[in-house]
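In: Sequence first, predicted model second:
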Amino acid sequence: MKVLIADDEPLALARMRQALACIPEVELIAAARSGETALQLIRSLAPDIAILDIEMPVMDGLGVVARLRQSDTIPEIIFVTAFTQHAVQAFELNAADYLTKPFEFERLRAAIRRARGRLEARNSDQRFAELQALVATLQQASPPSSHETEIWVRRADGLYRQPLDEVDHILAQGDYVELHTRGASYLVRDTISALEQRIDPARFVRCHRSVIINLAFVRGMRRRTGRKIILTLLDGKEIQVGPSYWEQITKTMNIKPWRKSN
């Protein structure tokens, strides 16, 4: 089976390559880092299966599907996502399958096996009709609160959904973010800028280039020498506000700025 993969994260592509190399019946024919490239490669290479990240910038996995034409050779689609809402929608609306990041190797193997069964059972026209129905349903649905409300986190005994309303602040750790709750913290593969775009800006506000704060957990703020602004959380933690984020913080929290000292 010819397989194409698309993800804007180089590390995710590398891991996918490694995993697919262990499945004998799979031939990886192309890897794309954008939806636009993935669409072009689907049309030119006609893969049997396309594994598409659903959260790519500009054109995501659903955008690729929406732009397929009936004259194209339609592959089976497996969506990859860190956003559970999209994953559930894709699965329930007859997508071949979905993988929620981070996924285990056996889960990928099962998705490939399921896609192969569907590939043998339906022709290209049937796949096209089902995928277009999927896109139409998503477009007609009342727009979701497109804000993510939970994130899968890894614990010692498996994966669990972590409600974001229990997270008091989020720290950037390179290509990861660290979610802090009362009494625990979890490392998740994501960037702070990407996560910021998916969560509620009325509740989660960037207060530093490496910190997002949950305003529900802010107990107070004070000023230190050198015009530094410190947020105090309900549990006593202190978070410094970066100079370029002070205006946004005060605006979101409806606080009148302090008068500048002479």
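Out: Cool, got the structure.

In: Beyond the helix or strand bottoming out on mean pLDDT in the chain, next helix or strand please.
Out: Lowest on mean pLDDT, DSSP states H and E among the helices and strands of the chain sits helix 84-92, with a mean of 57. Remark: after helix 84-92, the chain's next helix or strand is strand 97-100, criterion DSSP states H and E.

In: Just the C-alphas of that next one, formatted as PDB.
Out: Only the C-alpha atoms of strand 97-100 are listed here, as PDB (Å, rounded to 0.1, in the frame of the first residue of the first chain):
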ATOM      1  CA  ASP A  97      -9.600   6.500  11.200                       C
ATOM      2  CA  TYR A  98      -7.900   9.000  13.500                       C
ATOM      3  CA  LEU A  99      -4.800   8.900  15.700                       C
ATOM      4  CA  THR A 100      -4.600  11.100  18.700                       C
END
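
In: Partner strands of it, with direction?
Out: Strand 97-100 pairs in its sheet with strand 76-81 (parallel), by DSSP bridges.

In: For the partner strand, buried residues please.
Out: By 16 or more other C-beta atoms under 10 Å, the buried positions in strand 76-81 come out as 76-81. To be clear about C-beta, it is placed using only N, CA and C from the backbone, and glycine gets the same treatment.

In: Kindly report the same for stretch 168-188.
Out: Buried residues in stretch 168-188 (16+ other C-beta under 10 Å): 168-172, 177-181, 186, 188.

In: Determine how far the last residue of stretch 37-55 lies from the first.
Out: With C-alpha to C-alpha, to the nearest Å as the measure, the ends of stretch 37-55 fall 15 Å from one another.

In: so where's the stretch 101-250 of the chain uncertain?
Out: Residues of the stretch 101-250 of the chain meeting the criterion pLDDT under 70: 137-146, 226.

In: Swap in 80 and give it another go.
Out: Scanning the stretch 101-250 of the chain for pLDDT under 80 picks out the ranges 101-103, 131-146, 158, 224-227, 250.

In: where along it do the strands fall?
Out: Along the stretch 101-250 of the chain, counting by DSSP state E, counting those that start in this stretch, strands occupy 150-155, 158-163, 167-173, 176-181, 184-189, 204-208, 211-214, 218-224, 228-233, 238-241.

In: Quick one: closest of these to Q70.
Out: strand 150-155 (35.6 Å; C-beta to C-beta).

In: Point out the other helices and strands that the closest one packs with.
Out: strand 158-163, strand 184-189 (3 or more C-beta pairs under 8 Å, 6 or more residues apart in numbering; DSSP states H and E).

In: Given it, what are its sheet partners and their directions?
Out: strand 158-163 (antiparallel).

In: circling back: from the buried residues of stretch 168-188, which is closest to I239?
Out: Taking those together and measuring to I239 by C-beta to C-beta, the closest member is H169, at 6.1 Å.

In: how much space between that closest one and A19?
Out: The gap separating H169 from A19 is 33 Å, by C-beta to C-beta, to the nearest Å.

In: and the nearest residue to R189 once chain neighbours are set aside, what does it touch?
Out: Excluding the flanking residues, the one nearest R189 by C-beta to C-beta, 6 or more residues apart in numbering is Y176, at 5.5 Å. For Y176, the contact set (C-beta atoms under 8 Å, 6 or more residues apart in numbering) comprises 187-190.
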